[in-house]
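Trainee: next one to model:
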Amino acid sequence: MGQLRDQLSRTAPTRAGLRDASRGSARAASGTALVRRGALLALVGAALVSAVVDGGAVAAVRDATPVARVTGGAPTLDALVERFLAALRAGDRAALEALRLTKDEYVHLVMPGHVAPGEPPQRLSPEAAEYFFDVMDGKSAYFREALVARHAGRNLRLRSVTFDKGIADYAGHRSYKRAVLVLEDEDGRELELRTGSVVERDGRFKFASFIRD
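Mentor: Numbering: from 1, shown residues only. As a prediction, the model looks like this:
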């Protein structure tokens, strides 16, 4: 009997061993699930990329755009900046948004023309174009609120305007990238206000957004 007990104790799995084996199986199952999930995400990512990249299955935003020209904004860069400061001083969000490209202007006029001069227009699916605008629009709203919170009610005077990333010509427009406004406050102190890029098209100047894009 003693020998039999010894043999059984040597061959029977211990509770600790069973627990370890169970944990190992759980980890293996979890690892398999993660691999499957990673593969699924990779497939989704590939699908999104294929939906955005030009060619093959990607359709143009539309053959006939719903807007023919950029309107509103200001007729000169100086006028745009002055209207921007006036709206900011008043804390007027509607007036600030009126100085930005509309969704139709951005999606149907600016995005297709955002290529080197002489190149054919960009061709994005409507879903991709709308996604890019919506992401930018959401971020721009946060920057607008930060600007209003900091500068509303202040009598800021403009000294100069420069652009951190310079000025570039594209097939459909000119872009003034990352505006830097040097201002003077009520006490004569100098300060900088950094905001987004400006687009010049159809004889009008408008902000693309208020973010540091």
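Trainee: rest of the way, CA atoms for contacts and neighbours
Mentor: Fine.
Trainee: what segments of this structure are strands?
Mentor: 157-163, 167-169, 174-176, 179-184, 190-194, 198-201, 204-207 (DSSP state E).
Trainee: tell me which of these sits most buried.
Mentor: strand 204-207 (a mean of 25; mean count of other C-alpha atoms under 10 Å).
Trainee: now for that one, which elements pack on it?
Mentor: helix 77-90, strand 198-201 (3 or more C-alpha pairs under 8 Å, 6 or more residues apart in numbering; DSSP states H and E).
Trainee: same thing but at 7 Å, please
Mentor: strand 198-201 (3 or more C-alpha pairs under 7 Å, 6 or more residues apart in numbering; DSSP states H and E).
Trainee: strand partners (parallel or antiparallel) of the strand it packs on?
Mentor: strand 174-176 (antiparallel), strand 204-207 (antiparallel) (DSSP bridges).
Trainee: can you tell me what sits against it?
Mentor: For strand 198-201, the surrounding residues in contact (C-alpha atoms under 7 Å, 6 or more residues apart in numbering) are 70, 173-177, 205-208.
Trainee: and with 6 Å instead?
Mentor: 173-176, 205-208 (C-alpha atoms under 6 Å, 6 or more residues apart in numbering).
Trainee: how about the strands of the chain, which one is nearest F133?
Mentor: strand 204-207 (13.4 Å; C-alpha to C-alpha).
Trainee: residue ranges with poor pLDDT in the protein?
Mentor: Residue ranges of the chain with pLDDT under 70: 1-65.
Trainee: quick one: the helices in it, in order.
Mentor: Assignment of helices within the chain using DSSP state H yields the ranges 2-11, 15-52, 77-90, 93-97, 103-105, 126-151.
Trainee: the last one packs against which elements?
Mentor: Of the remaining helices and strands, none touches helix 126-151 by 3 or more C-alpha pairs under 6 Å, 6 or more residues apart in numbering; DSSP states H and E.
Trainee: buried residues in that helix, which are they?
Mentor: 126, 128-130, 133, 137, 140-141, 143-145, 147-148, 151 (16 or more other C-alpha atoms under 10 Å).
Trainee: which one of the residues you listed is nearest G188?
Mentor: H151 (15.2 Å).
Trainee: quick revisit: the strands of the chain into a markdown table, with extra columns for distance to G118?
Mentor: Shown next, in a markdown table, are the strands of the chain (distance: least, C-alpha to C-alpha, whole Å):
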| stretch | distance to G118 |
| --- | --- |
| strand 157-163 | 25 |
| strand 167-169 | 11 |
| strand 174-176 | 14 |
| strand 179-184 | 26 |
| strand 190-194 | 32 |
| strand 198-201 | 16 |
| strand 204-207 | 22 |
